[in-house]
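J.: I would like the atomic coordinates for the input below:
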Amino acid sequence: MSAPMETGPRTYEIRTYGCQMNVHDSERLSGLLENAGYVRAGDAEPDVVVFNTCAVRENADNRLYGNLGHLRPVKDGHPGMQIAVGGCLAQKDRDTIVKRAPWVDVVFGTHNIGSLPALLERSRVQSEAQVEIEESLVTFPSTLPTRRESPYAAWVSISVGCNNTCTFCIVPSLRGKEQDRRPGEILAEVEALVGDGVLEVTLLGQNVNAYGSGFGAMAAAPDEVRAMTADGGSAFAGLLRAAGQVDGLERVRFTSPHPKDFTDDVIAAMAETPNVMPSLHMPLQSGSDAVLRAMRRSYRQERFLGIIEKVRAAIPDAAITTDIIVGFPGETDADFEETLHVVREARFASAFTFQYSKRPGTPAATMDGQLPKEVVQERYERLVALQEEISWAENKKQLGRTLEVLVAEGEGRKDGETRRLSGRARDNRLVHFRAPDEGVRPGDTVTVEVTYAAPHHLVADGAVRSVRRTRAGDAWAARQDGGDAPKGVALGMPSIGRPAAAAAAPAGSSGPGCSTCP
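T.: The predicted structure follows:
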């Protein structure tokens, strides 16, 4: 059967699930498709639907196949429509996807996202499903075309893959071993983004502060890496300081670090580099040394709390957030109490909290001591209640403070009803503020005074003290005037009007499935 005749450019929509890495990969998928002549679908039924999937959560499979099932009758009524599945679940399930959902046209993995346009075309011409999974990275994703979702805040990948072997995590087997980009390539991308109007970048890696290990022995590392570590510091600390020297870059964030690689020189670089923001996402996972050992997490409670203490000493206003898993196999009541102890001591601004879920292929899935659902649920509710209490108390400390807020798009779900705008403070807290008479655009900054605190946001209902119109706001306005506003990426996670960092998650949220390192 020949492919249907086309009467205009084919349209696409991308549906993204999972971590920040997937969100950024979807920006690349958009860039690839648009380079190949596709256009965003907008409100119309798309010709191509791409699912960029996550494999971390237990219900990831059910969610994907449920969505694919809903699309089957839509495809039946839309001649020429194609469905593609990529991401971690595709890397894991491979041709199982087309066996369970034979109306899927393309399956591609985490290592070959650049193949999507060619696979779609091949499937159309041959009228059969194309399944292509690579075992190692074909092209470093940052070299691919990218269609950025935000003109004022951007992700910048510094590495892909992970060398850790956490027993609950399937990501290393799907993303591969860590591979790092050269510092010059990273900084060139940052400078280009700033030239386009971006004010904020988030350095992204599965284990971001292990940056440098992907080069192997330091003697074999590129000269620029050896130069930035000549004083004995880590490559990641050197990269943070180098980002601090990029003219026009106002905010630098990073996610997600691992406690085992979080060194004192990184804390010093954060404290001493003005544009590195006073926010830190530091995954805990458990407060119990026994559970951490079973998880194969190479730090213990004392080490973790020591990091928190050092960060607070160097950066007193830092907002620290975390990930916590409840109900890991073998977790006892005493183990769980140790987690609550760390939460009380660390006083996280917010947390991604997860009930442990089995992932086939991980060592934890076959461990003894799998806990009953009711036990996990009871512990989870206690943890959420405690973290809610702490989040609210920490946010109340912001009352009366004057904050600089980077105005964002899509952060406040009720902004239209409340006549407010929303954005992120330097410490990444979400702030809703009264819209000023003066026009304010996403990408501009405002100075406001906090008048109310809730567990997951702040409110500034007084008059805005100052408005600063920025190049980023100009870039946002130009995108609107050009009809180029983002419409083609539908997320199964928080909005990406600006990169939605893990720190934004409410304490009881199961989040988008994971942060970068779950």
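
J.: average pLDDT for the strand or helix carrying G184, rounded please.
T.: Secondary structure assignment for G184, by DSSP states H and E: helix 183-195. Averaged over helix 183-195, pLDDT sits at 94.

J.: tell me what that helix is packed against?
T.: Judged by 3 or more C-beta pairs under 8 Å, 6 or more residues apart in numbering; DSSP states H and E, the packing partners of helix 183-195 are strand 153-157, strand 200-204, helix 223-228, helix 235-243. (Glycine included, C-beta is placed from N, CA and C.)

J.: run the last query once more with 7 Å
T.: Contacts defined by 3 or more C-beta pairs under 7 Å, 6 or more residues apart in numbering; DSSP states H and E place helix 183-195 against strand 153-157, helix 223-228, helix 235-243.

J.: can you list the neighbours in contact with that helix?
T.: By C-beta atoms under 7 Å, 6 or more residues apart in numbering, the residues outside helix 183-195 that reach it are 142, 154, 156, 158, 201, 224-225, 228, 239, 242-243, 246, 248-249.

J.: now the lengthiest helix in the chain: average pLDDT?
T.: Determined from DSSP state H, the single longest helix within the chain is helix 373-396. Mean per-residue pLDDT for helix 373-396: 98.

J.: do the same with stretch 281-289
T.: For stretch 281-289, mean pLDDT is 98.

J.: could you point out which element follows the lengthiest strand in the chain?
T.: In the chain, taking DSSP state E as the definition, the longest strand is strand 319-326. Going down the chain from strand 319-326, the next helix or strand is helix 333-346, by DSSP H and E.

J.: which strands and helices sit next to that next one?
T.: helix 301-314, helix 373-396.

J.: show residues contacting that helix.
T.: By C-beta under 7 Å, 6+ apart, helix 333-346 touches 284, 286-288, 290-291, 301, 304-305, 308, 320, 324, 379, 383, 386-387, 390.

J.: try it again with 8 Å
T.: 284, 286-291, 301, 304-305, 308, 320, 322, 324, 326, 351, 379, 382-383, 386-387, 390 (C-beta atoms under 8 Å, 6 or more residues apart in numbering).

J.: I'd like to know which of those residues are buried.
T.: Buried members of those, counted by 16 or more other C-beta atoms under 10 Å: 284, 286-291, 301, 304-305, 308, 320, 322, 324, 326, 351, 379, 383, 386-387, 390.

J.: can you pull out the helices in the stretch 51-200 of the chain?
T.: 60-76, 88-93, 96-100, 116-126, 171-175, 183-195 (DSSP state H, counting those that start in this stretch).

J.: on that earlier part again, what is the nearest of the contacts of helix 183-195 to P46?
T.: Here the nearest of the contacts of helix 183-195 to P46, counting by C-beta to C-beta, is A154; it sits at 24.8 Å.

J.: right, and that closest one touches L199 too?
T.: No - A154 is beyond contact range of L199, at 9.3 Å (criterion: C-beta atoms under 8 Å).

J.: need the helices and strands packed on helix 183-195 in TSV (columns: distance to P372, mean neighbour count and mean pLDDT).
T.: Shown next, in TSV, are the helices and strands packed on helix 183-195 (distance: least, C-beta to C-beta, whole Å; neighbours: other C-beta atoms under 10 Å; pLDDT from 0 to 100):
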stretch	distance to P372	mean neighbour count	mean pLDDT
strand 153-157	39	25	91
helix 223-228	49	16	86
helix 235-243	41	24	95
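
J.: make CSV from the ones you listed and add distance to L187 to it.
T.: Supplementary listing: the helices and strands packed on helix 183-195 in CSV, determined by distance: least, C-beta to C-beta, whole Å:
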stretch, distance to L187
strand 153-157, 9
helix 223-228, 9
helix 235-243, 6
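
J.: looking at the ones you listed, which is closest to T402?
T.: Here strand 153-157 is closest among the helices and strands packed on helix 183-195 (C-beta to C-beta), at 22.0 Å.

J.: picking up where we left off before, and the contacts of helix 183-195, which two are the farthest apart?
T.: Across those, the longest distance by C-beta to C-beta is 24.7 Å; it joins V225 and G248.

J.: isn't S115 right next to E132, touching?
T.: Yes - between S115 and E132 a contact is recorded at 5.8 Å, counting by C-beta under 8 Å.

J.: overlap in contacts, the two.
T.: Counting by C-beta under 8 Å, 6+ apart, the shared contacts of S115 and E132 are F108.

J.: could I get the helices and strands packed on helix 333-346 as TSV with distance to D335?
T.: Rendered in TSV, the data for the helices and strands packed on helix 333-346 read as follows (distance: least, C-beta to C-beta, whole Å):
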stretch	distance to D335
helix 301-314	11
helix 373-396	10
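
J.: nearest to R122, of these?
T.: Closest of the helices and strands packed on helix 333-346 to R122 is helix 373-396, at 44.4 Å (criterion: C-beta to C-beta).

J.: dump the closest one to CSV, restricted to CA.
T.: Included here for helix 373-396 are C-alpha records, laid out as CSV according to Å, rounded to 0.1, in the frame of the first residue of the first chain:
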residue,chain,number,x,y,z
LYS,A,373,1.2,-1.5,50.1
GLU,A,374,-0.6,-0.4,53.3
VAL,A,375,2.7,-0.2,55.2
VAL,A,376,4.3,1.9,52.5
GLN,A,377,1.2,4.1,52.2
GLU,A,378,1.1,4.8,55.9
ARG,A,379,4.8,5.8,56.0
TYR,A,380,4.4,7.9,52.9
GLU,A,381,1.6,9.9,54.4
ARG,A,382,3.6,10.5,57.5
LEU,A,383,6.6,11.7,55.5
VAL,A,384,4.4,14.0,53.3
ALA,A,385,2.8,15.5,56.4
LEU,A,386,6.1,16.2,58.0
GLN,A,387,7.6,17.7,54.8
GLU,A,388,4.5,19.9,54.3
GLU,A,389,4.9,21.3,57.8
ILE,A,390,8.6,22.0,57.2
SER,A,391,8.0,23.5,53.8
TRP,A,392,5.4,25.9,55.1
ALA,A,393,7.6,26.9,58.1
GLU,A,394,10.5,27.5,55.8
ASN,A,395,8.4,29.5,53.4
LYS,A,396,7.0,31.6,56.2
